[in-house]
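>>> Predicted coordinates and the sequence they were generated for:
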Amino acid sequence: MLGGGILKGMAVTARNFVGSYFIQERMTTIQYPEERAPLPENYRNFPFLVFDGDDAHAGLRCVACQICEKECPPQCIYIVKSKDKKPDFVGKPQLYPATFDIDISVCMSCQICVEVCPFDAIKMDKVFELSRRERFDALLMQKAELAKSNEYYHQIHPTEATDVDAGLAAAAAAAAAKKKAVASPAPPTPPSNPNPA
Amino acid sequence: MTATLHELHEAPPRAMTSRLEGELLEVSLGPQHPSTHGVFRMNVALDGEIVRKLKPVFGYLHRNHEQIAESTSYLGSMPYTDRLDYFCSMTNNWAYALSVEKLAGIEVPERAEYLRVILAELTRLQNHVSLLGFLLSDMGAWGTPLMYAFREREKILGLLESLSGSRMMCDYMRFGGCRVDAGDDWISHAKKVVADFPRFLGEFEKLILENEIVINRTQEVGKLSAELAINAGLTGPILRASGVNYDLRKIDGYGFYPRFKFRVPLGDHGDCYDRLMMRALEMRESLNILKQAFDQLPGGPIMNPKVKIRAFKPPAGEAYGRIEGPKGELGFYLISDGAATPYRYRVRPPSFINLTVLEDMCLGHTVADVMVILGSIDIVMGEVDR
């Protein structure tokens, strides 16, 4: 029958239309600013710097080794090393970044900085509402904005953060044991990345 | 211009049937036409409404992908491959990873290969389903079929997001494996999405495949002979719609595809309807592969532990890795001189090469058919312009 195909198609449309009011799986939209779809745990959007404890300066894990700056494909990270040193999590004096900027208009959230970091200092955030009113300076995220606590990291990526903490604790214990074994204070080895993937 | 209204009234009436012979009207379609799938321009010469000449113009989205890749590390190009064909970042990742693995002689663990097959077939599903939606949208069925298609595509994108962290820019595969392991809850969620998919597919086929308007608009439109398709170097569903049995999954047998039972659908007429049908049939076969892959999925590591993330330097040499992407043969040709960056990096994009026969298919058809033909080729400008 001519027009039969069209009628069949219209039956499908009618079923979808009615279903979009009653059947859960056909109701797909949510009212965005008021309602939000839950983000999966693996969701990644923009890197941030992790610090331990309460003080963003004292606990910052980054030692300004500049590996992420070199490996970043779009070259959006800018680091200036400090002149002085501060103790890291095992007590060894290390440099810290005097400046650590990431340009959010260039960053493509590829996670390569996280993968290459040997100190678990940079991790992926879940924020996505990063629009700014200005076009230039506001798009540059400075160290103060980027530094976020380890508790925040546990909040957004619980399983990954637990693995990282276990790896760091093991590295610190190994360093302490080595210190005790050697009479003279030997420099502790930097922790290897426990979760390279 | 100088004729008064009175003179015009006095002029003899123009014969309605006569045509201005030899006068072709040149029209520039695009680059901002909604049906051109991005920034693609066609210079067409029209005789009335019939296309007599067609010259594609591209390069509006050129981002210097190959040159950038030659100045970044091998790993650094991986997120850029996501942006080639932004519908299918997983298959782009796979093709690039495959060619680097060939270049450096890296083994991939079994579980990682299975995950790659699963993700590639999920990508094929979501690419084909959005293609069908866009094709219907090009024909004038605004909104409705496209929204149904996007509803299903969103479920698959949700799977990709919960595994890789991003809906479209997955950046998931690494040389010698995959980045994140799929947990049991992800596998069960994916199984559920795959199990629900045929119901939607049946509904969608009912919506479009018997529709008289779709049949009138697509059958006998944009016919492509098998001979021309082979000579132009076409690959993918568009080649198989012309009846040529060429599927790299069967021919190369990469990534454990020989372990799965599936058929390669072939067209007969090589017109737009066959190409549309081909996508629908391929989705059925993809679902078959997915079911088998979930059943066979082994445990174990997903990453080859010998591969270094930093300072990765493959030995000097060259390699060409290719896979059957949703749009056709996607290949990466790499030459290494032993340094940390490739000496030469070349992409063989399926949609660019499939686009070369556009003029041959469009000649003699109307402007409205050009949009349908272009839609049935399945191009993504990110890949055409690179």
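Thanks, I have it.

>>> So which residue is dead centre in chain B?
Taking CA atoms, centre = their mean, the centroid of chain B lies closest to B:Lys327, which sits 3.2 Å from it.

>>> Distance check, the residue lying closest to that residue once chain neighbours are set aside against chain A.
In this structure, B:Lys327 finds its nearest non-sequential neighbour in B:Pro350, 4.2 Å apart by CB to CB, 6 or more residues apart in numbering or on different chains. Using the backbone N, CA and C atoms, a C-beta is placed for each residue, glycine as well. With the distance defined as CB to the nearest CB, to the nearest Å, B:Pro350 ends up 24 Å from chain A.

>>> mind listing what B:Pro350 touches?
Applying CB atoms under 8 Å, 6 or more residues apart in numbering or on different chains to B:Pro350 gives the contacts B:235-236, B:325, B:327-330, B:383.

>>> How about the residues of the stretch 101-250 of chain B by chain A?
Residues of the stretch 101-250 of chain B lying close to chain A by CB under 8 Å from any CB of the partner chain are B:144, B:148, B:151, B:154, B:158, B:161-166, B:169, B:171, B:174, B:179-181, B:196, B:203, B:206-215.

>>> out of those residues, which are buried?
B:144, B:148, B:151, B:161-166, B:169, B:171, B:174, B:179-181, B:203, B:207-209, B:211, B:213-214 (16 or more other CB atoms under 10 Å in any protein chain shown).

>>> B:Glu324 - that's part of a strand, no?
Yes. Assigned with DSSP: H, G, I helix; E, B strand; the rest coil, B:Glu324 falls within a strand.

>>> That one - how many residues pack around it?
Using other CB atoms under 10 Å in any protein chain shown, B:Glu324 has 27 neighbouring residues.

>>> wait, it sits on B:Asp247?
Yes. The pair B:Glu324 / B:Asp247 is scored as a contact, 5.8 Å apart, by CB atoms under 8 Å.

>>> Spell out which residues of chain A are next to chain B.
A:2-6, A:8-9, A:11-13, A:15-16, A:25-26, A:28, A:40-44, A:67, A:71, A:73, A:108-112, A:115-116, A:124, A:196-197.

>>> What about these, which are in helices?
Among these, the members found in helices (DSSP state H) are A:4-6, A:8-9, A:11-13, A:15-16, A:67, A:71, A:112, A:115-116.

>>> In terms of helices and strands, where is the closest residue to chain A within the stretch 201-350 of chain B?
Relative to chain A, the nearest point of the stretch 201-350 of chain B is B:Glu210 (3.5 Å; CB to the nearest CB). Assessed by DSSP states H and E, B:Glu210 sits outside every helix and strand.

>>> show me where the chain has strands.
Went with chain A since none was named. A:47-51, A:77-81, A:86-87, A:93-94, A:97-103, A:122-124, A:140-141, A:147-149 (DSSP state E).

>>> actually it's chain B I care about, not the one you picked
Counting by DSSP E, the strands of chain B are B:25-29, B:41-47, B:50-57, B:173-174, B:177-178, B:317-325, B:328-336, B:344-348.

>>> now, of those strands, which is deepest in the fold?
Most buried of those, by mean neighbour count (mean count of other CB atoms under 10 Å in any protein chain shown): strand B:173-174, with a mean of 28.

>>> got a pLDDT number for the residue lying closest to the residue of the stretch 201-350 of chain B closest to chain A once chain neighbours are set aside?
Of all residues beyond its chain neighbours, the one nearest B:Glu210 is A:Gly5 (3.5 Å), with distances taken as CB to CB, 6+ apart. Looking at A:Gly5, its pLDDT is 79.

>>> what would the strands of chain B look like in JSON lines with distance to A:Glu129 and mean pLDDT?
What follows is these, written out as JSON lines (distance: least, CB to CB, whole Å; pLDDT from 0 to 100):
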{"stretch": "strand B:25-29", "distance to A:Glu129": "37", "mean pLDDT": "83"}
{"stretch": "strand B:41-47", "distance to A:Glu129": "35", "mean pLDDT": "84"}
{"stretch": "strand B:50-57", "distance to A:Glu129": "38", "mean pLDDT": "85"}
{"stretch": "strand B:173-174", "distance to A:Glu129": "29", "mean pLDDT": "88"}
{"stretch": "strand B:177-178", "distance to A:Glu129": "30", "mean pLDDT": "86"}
{"stretch": "strand B:317-325", "distance to A:Glu129": "33", "mean pLDDT": "89"}
{"stretch": "strand B:328-336", "distance to A:Glu129": "34", "mean pLDDT": "91"}
{"stretch": "strand B:344-348", "distance to A:Glu129": "34", "mean pLDDT": "90"}
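
>>> will you turn these into CSV that also has distance to B:Asn127?
Listed next are the strands of chain B as CSV, based on distance: least, CB to CB, whole Å:
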stretch, distance to B:Asn127
strand B:25-29, 24
strand B:41-47, 23
strand B:50-57, 22
strand B:173-174, 17
strand B:177-178, 20
strand B:317-325, 8
strand B:328-336, 11
strand B:344-348, 17
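
>>> so which of those comes closest to A:Gly91?
Nearest to A:Gly91, of all the strands of chain B, is strand B:173-174, at 34.3 Å by CB to CB.

>>> ok so, going back, the residue nearest to B:Glu210: neighbour count?
With other CB under 10 Å as criterion, A:Gly5 counts 19.

>>> So it is in contact with B:Glu205, correct?
No. Contact status for A:Gly5 versus B:Glu205: not in contact, 10.9 Å apart, counting by CB under 8 Å.

>>> Now A:Ser82. Nearest residue, chain neighbours left out?
Using CB to CB, 6+ apart, the nearest residue to A:Ser82 is A:Ala98, at 4.4 Å.

>>> need the longest helix for chain A.
Max-length helix for chain A by DSSP H is helix A:158-181.

>>> name the helices or strands packed onto that one?
Judged by 3 or more CB pairs under 8 Å, 6 or more residues apart in numbering or on different chains; DSSP states H and E, helix A:158-181 is in contact with helix A:150-156.

>>> now with 6 Å?
Packing contacts for helix A:158-181, counted by 3 or more CB pairs under 6 Å, 6 or more residues apart in numbering or on different chains; DSSP states H and E, involve no helix or strand.

>>> Average the pLDDT values over it and round to the nearest integer.
pLDDT averaged over helix A:158-181 gives 80.

>>> who's the most centrally placed residue in chain A bridged to?
The residue lying closest to the centre of chain A (CA atoms, centre = their mean) is A:Met124, at 1.2 Å. On the basis of DSSP bridges, A:Met124 is bridged to A:Pro47.

>>> follow-up on the earlier one: could you double-check that the residue nearest to the centre of chain B sits in contact with B:Phe352?
No. If you go by CB atoms under 6 Å, B:Lys327 and B:Phe352 don't touch, sitting 9.8 Å apart.

>>> and the residue nearest to B:Val39 when sequence neighbours are not counted, how many neighbours?
Distance criterion CB to CB, 6+ apart; nearest residue to B:Val39, sequence neighbours excluded, is B:Tyr60 at 3.7 Å. For B:Tyr60, the count of nearby residues is 15 (other CB under 10 Å).
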